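# Predicted coordinates and the sequence they were generated for:
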Amino acid sequence: MPEFNDAAKAAYSVQDYSARSKIEGLEIVELRRFNDDGGAMTELGRLDGGKLQGLPGFEVRQVNYSVMEPLAIKAFHMHKRQTDVWYVPPTDKILLCVGDVRKGSPTEGVVQRLVLGDTRSMLVRIPPGVAHGAKNLRPATPSVIVYFVDVQFSTDEHCDEGRLPWDHFGASVWDVERG
């Protein structure tokens, strides 16, 4: 077994491959992508009277399409009533950061980072009280987020669009992990 020099010994570490803490109520649903020589298709969901199959209790009230400019960060959004279900096309690449700010939740204070898109097709359910934000990881191209919500957007007294500062969980949460 080789011996490392002093500088390498001092800097040496082992990457942590253990399971990370997961936020209670945050769900990931893997979707099937169908490919052939003419292209590809992903079924985002089937609706039964507004209810999205595969996500019990979630009733779609509005569907939104958002475009993020290269390397842009939009954060943090939070809702008291609204559940979001996000989809990022596999051709795009978004870093989703979520933090549980629900007082008394078993996962209060847990922060998760998920890469959406990047050849994968999945839905992510974000429950009320979980702050969420996104960073477009593509340096030269916009990325898209399609999201379903169970509360229609409103600017009146029923508005459920709360905000926290982009660095509420620390600015480094947006850094690309190296190593």
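Thanks, I have the structure now. Numbers count the residues shown, from 1 in each chain.
# Taking the centroid of the chain, which residue is nearest it?
Among the residues of the chain, the smallest C-alpha distance to the mean C-alpha position (C-alpha atoms, centre = their mean) belongs to Leu96, namely 3.2 Å.
# Excluding residues flanking it in the chain, which one is nearest that residue?
Counting by C-beta to C-beta, 6 or more residues apart in numbering, Leu96 lies nearest to Leu114, which is 4.6 Å off, once chain neighbours are set aside. From N, CA and C alone the C-beta is placed, and that goes for glycine too.
# Quick check, that neighbour in contact with Val124.
Yes: the pair Leu114 / Val124 is scored as a contact, 6.6 Å apart, by C-beta atoms under 8 Å.
# Neighbour count for the two, which is higher?
Val124 (20 against 16; other C-beta atoms under 10 Å).
# just to revisit the earlier point, correct me if wrong, but the residue nearest to the centre of the chain is in a strand.
Yes: when the secondary structure is assigned by DSSP: H, G, I helix; E, B strand; the rest coil, Leu96 falls within a strand.
# The residue nearest to Leu96 sits in which helix or strand?
When elements are defined using DSSP states H and E, Leu114 is found to belong to strand 111-117.
# again, but for Val124
Secondary-structure element containing Val124, defined by DSSP H and E: strand 122-126.
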